[in-house]
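>>> With the sequence up front, the predicted model follows.
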Amino acid sequence: MWGVSMIGTYEIFSIILSALILAGIKLMSSPKTAVRGNQIGAVAMLAAIIIVLAYNQIIDMPLLWLAIFTGGVLGYIIAMRVKMIQMPQMVALLNGLGGGASALVALIETFERHQNMILFDRLTSQLALIVGAVTLSGSLVAAAKLDRRISQRPVLLPNHSQIANMVLLITGLLVIVASFTNISGIIYVAIVTAILALAYGVLFAIRVGGADMPITISLLNSFSGLAGAICGLTIADPLLVAVGAIVGASGLILTQIMCNAMNRTLVEVLSGSYLNSRNQKQKIEAAEKILQDETSEIVKRSPAELLGQAKKVIIVPGYGMAIGQAQSQVKSLYDTLESQGKEVKFAIHPVAGRMPGHMNVLLAEVDVPYDKLYEMDAINSEFATTDVAIVVGACDVVNPAANTAEGTPIYGMPILNVKEAKNVIVCNLDTKPGYSGVDNSLYDMPNVHLLLGNAVETLEKLLSEIRSRDSSKVVEYESESLELVSPVEKAGEILKDAKKVIIVPGYGMAIGQAQSQVKSLYDTLESQGKEVKFAIHPVAGRMPGHMNVLLAEVDVPYDKLYEMDAINSEFATTDVAIVVGACDVVNPAANTAEGTPIYGMPILNVKEAKNVIVCNLDTKPGYSGVDNSLYDMPNVHLLLGNAAETVKKIGDYLLQLRNE
């Protein structure tokens, strides 16, 4: 066994950095640790660059540092400016640049050392040149397809396969020639090899359809690592070999996972299979008839009604959501349904986006909880017990024709079992086929409700209808009182005579960015000689001290902020408590509703105040899903709507009263 003294320092660093990169990849397998994994990988790569420069004694070359700085700045600018919807294109482009760098190194090595190269070096240099060039041109085509610069449909030239095979054969022959000769003519052979490899990359990628791009990107990612590893063999650099092999292996594993998810072989994907015959269309139509078998009559209700009565909902995001940038509306829908006490989950198909994990990242960007995202295998069995499935911009991955339409590109591809839900709401742009070209038989099923158009607009409309249904209860309640004064005037009159006021901020204040209006109301009340305090519940925000920081930002004095234990006993002697965007933390049901998420949770004793003014968006339950019994108490006055607006109206009315 070799001792440590027998192993060079560079080799030891290579092992350590390779282990760090592997650890980073491992962490990136989970959304919760992905950021940390990415950071570890980036630091390891930076360290690898510096170590390579030091090992080769070129660390003092200004040109290299200038190149590193330029590349770093460009990478930062591109990464900051690129939209999430464009991330697949960026990944494809970076794959290509990695392959191009390996090809360039191999070409330079051939130019500089061809007369002194041994057979192994000549062979590996030509292989690195080929794989790197194929990766470069193939990735550029993939990026152009994803960015709609060229057609996303498979492009098949006349005798496409024969041409590609001929180019590959000639390239292989040139590699053999270059490997067994060290004459100066090898330089020209290498140039011709590079040109042919670039051409093959184009032929290879251009016949892949847009729907198969996730697989293609994964494969090209593997190619970029493979090119680097082979190049490392040429220049005898163990670190480059190790890191390239890691990237190549992880890319191949991911490619296999993606192929399994589509139930297609890699050869079928790269052959660019597509729908192009009347016979296949007839098969699709026949399959649709089979799927439209007799079913019991379903009373058509509006989507808002269906969601109002649903207890379990599954949301299925697709690439259309990404294109329409509708993830914020999806998050709002999720929040609304969750606030109503419904069980909401997200079903993620492995190839729903244009790169692995695309949907996960988009949803994580708008703060959808990680534990609400379920992979296909984990959630498919739940559709049968789901009241409503909501499809947002997904087509092929929910198309039942994948199980019946033989001879089509998606036949045999595992899909999300959306059709098994009791009701399905489809928020797609239109009913045109997806990238596969196969008509979606889901659209014609009796339990499916189509909301066609831009997903941002259709979801906003759906949310509006859901909220209007909820607010109807509030309208009925207010109509019973038949008060002749407005809620704002009523609140103003109550505050006019108050001597002691406690303001209770909540997460709704943060969402509505109403802290400035709260500070203005505080100033007005203070100027009128009233005693004003703030009651801070420990979990009023989304992180400890959230409310304190928001109020401190608008210069609310620190000594006016009281924690729950310090102020709870004072509500009984308070004239008016003003709730601004708080729900669960003031819900009296926490003391009585056994078996609910908030039962037993300490709350602020707002109900004990002589009068309570609630400036919340609506009367929906909070995150716990438990209805707030505070709203029905006789001493409570509701000012529903955007907190920034309602609080400002109260303040303005108080100023008006003072001026009068």
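Looks like it arrived, so ask away. Numbering: from 1, shown residues only.
>>> Quick check: which ranges of the stretch 551-660 of the chain have low pLDDT?
Along the stretch 551-660 of the chain, the parts satisfying pLDDT under 70 run over 623-624, 659-660.
>>> Helix, strand or coil: sort out Lys533 for me.
strand (DSSP: H, G, I helix; E, B strand; the rest coil).
>>> partners of it in the sheet?
Ile502 (DSSP bridges).
>>> If I look at it, what pLDDT would I see?
Per-residue pLDDT puts Lys533 at 95.
>>> again with the one 4 residues further on
At His537, the pLDDT value in this model is 86.
>>> Centroid-nearest residue for the protein?
In the chain, the residue lying closest to the centroid (CA atoms, centre = their mean) is Leu362, at 1.8 Å.
>>> Name the residues of stretch 449-469 that come out as buried.
449-451, 454-456, 458-463, 465-467 (16 or more other CB atoms under 10 Å). Where C-beta positions appear, they are placed from N, C-alpha and C, glycine not excepted.
>>> Can you list the neighbours in contact with that stretch?
300, 302-308, 320-321, 324-326, 329-330, 332-333, 336, 392-393, 423-431, 443, 618 (CB atoms under 8 Å, 6 or more residues apart in numbering).
>>> Looking at those, which are in strands?
Secondary structure from DSSP state E places 392, 423-427 of those in strands.
>>> can you give me phi and psi for the residue nearest to Ile511 when sequence neighbours are not counted?
Leaving out its chain neighbours, the residue that sits closest to Ile511 by CB to CB, 6 or more residues apart in numbering is Gly581, at 6.8 Å. Here is the backbone geometry of Gly581 (degrees, to the nearest 10): phi 70, psi 20.
>>> gap between Gly581 and Val366?
Using CB to CB, to the nearest Å, one obtains 19 Å as the distance from Gly581 to Val366.
>>> What of Gly595?
From Gly595 to Val366 the distance is 31 Å (CB to CB).
>>> neighbour count winner among the two?
Comparing Gly595 with Val366 by other CB atoms under 10 Å, the one with more neighbours is Val366, at 14 against 5.
>>> Wait, that one touches Gln325, no?
No: Val366 is beyond contact range of Gln325, at 10.4 Å (criterion: CB atoms under 8 Å).
>>> got any residues that touch both of those two?
Taking CB under 8 Å, 6+ apart as the contact rule, Val366 and Gln325 have no neighbour in common.
>>> And the buried residues of stretch 449-469, which is the shakiest by pLDDT?
Out of the buried residues of stretch 449-469, that is Arg467, at 73.
>>> That one falls within a strand, correct?
No: assignment of Arg467 by three-state DSSP gives helix, placing it outside any strand.
>>> State the number of residues packed around Lys342.
19.
>>> which residues of the stretch 301-450 of the chain score low on pLDDT?
Scanning the stretch 301-450 of the chain for pLDDT under 70 picks out 301, 354-356.
>>> how deep is Trp65 tucked in, by neighbour count?
For Trp65, using other CB under 10 Å, the count is 12.
>>> before we move on, what about Met61?
Neighbours of Met61 (other CB under 10 Å): 12.
>>> dump the residue contacts of the closest residue to Asn440 other than its chain neighbours.
Computed as CB to CB, 6+ apart, the closest residue to Asn440 that is not its neighbour in sequence is Asn399, at 4.6 Å. Listed by CB under 8 Å, 6+ apart, the contact partners of Asn399 are 410, 415, 434, 436, 438, 440-442.
>>> From those, pick the one nearest Ser102.
Distances from Ser102 to these, taken as CB to CB, are shortest for Ser436 (33.8 Å).
>>> Next up, identify which helix or strand that closest one is on.
Using DSSP states H and E, Ser436 maps to neither a helix nor a strand.
>>> pretty sure it contacts Gly407?
No: using CB under 8 Å, Ser436 is not in contact with Gly407; the gap is 11.9 Å.
>>> sorry, back to before: buried only: go through the contacts of stretch 449-469 for me.
Buried among those by 16+ other CB under 10 Å: 303-304, 306-308, 320-321, 324, 326, 329-330, 332-333, 336, 392-393, 423-428, 443, 618.
>>> where exactly do the strands run in this structure?
Going by DSSP E, the chain shows strands at 312-317, 343-348, 373-375, 388-392, 423-427, 448-450, 500-505, 531-536, 561-563, 576-580, 611-615, 636-638.
>>> any chance of the ones you listed in a markdown table, plus distance to Leu22?
Converted to a markdown table, the strands of the chain look like this (distance: least, CB to CB, whole Å):
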| stretch | distance to Leu22 |
| --- | --- |
| strand 312-317 | 31 |
| strand 343-348 | 25 |
| strand 373-375 | 23 |
| strand 388-392 | 36 |
| strand 423-427 | 41 |
| strand 448-450 | 45 |
| strand 500-505 | 46 |
| strand 531-536 | 45 |
| strand 561-563 | 46 |
| strand 576-580 | 49 |
| strand 611-615 | 53 |
| strand 636-638 | 57 |
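>>> how about those, which one is nearest Leu266?
Taking CB to CB, strand 373-375 is the member of the strands of the chain nearest to Leu266, at 21.2 Å.
>>> In the sheet, which strands lie alongside that closest one, parallel or antiparallel?
Here, using DSSP bridges, strand 373-375 pairs with strand 343-348 (parallel).
>>> what sits up against the partner strand?
Strand 343-348 is contacted by residues 311-317, 334, 337-338, 359-360, 363, 368, 372-376, 379-380, 382-383, 389, 416, 418 when judged by CB under 8 Å, 6+ apart.
>>> Report the angle between it and strand 312-317.
Here the directions of strand 343-348 and strand 312-317 differ by 30 degrees (axes from the mean of the first three to the mean of the last three CA atoms, to 10 degrees).
>>> How much space separates Ala552 from Gln515?
9 Å.
>>> repeat for Asp121
Relative to Gln515, Asp121 is positioned 67 Å away (CB to CB).
>>> Just the buried positions in stretch 518-538, please.
Per 16+ other CB under 10 Å, stretch 518-538 contains these buried residues: 518-522, 524-525, 528, 530, 532-537.
>>> still on that earlier bit, Ala552 and Gln515: which has the busier surroundings?
Neighbour totals were compared for Ala552 and Gln515, and Gln515 leads with 24 against 14 (other CB under 10 Å).
>>> Give me the pLDDT value at the more buried one.
We have a pLDDT of 88 for Gln515.
>>> quick one, what contacts it?
505, 509, 550-551, 553-554.
>>> Could you check how many residues crowd around the residue nearest to Gln528 when sequence neighbours are not counted?
Leaving aside its sequence neighbours, Gln528 sits nearest to Arg658 (CB to CB, 6+ apart; 6.7 Å). If you count neighbours by other CB under 10 Å, Arg658 ends up with 11.
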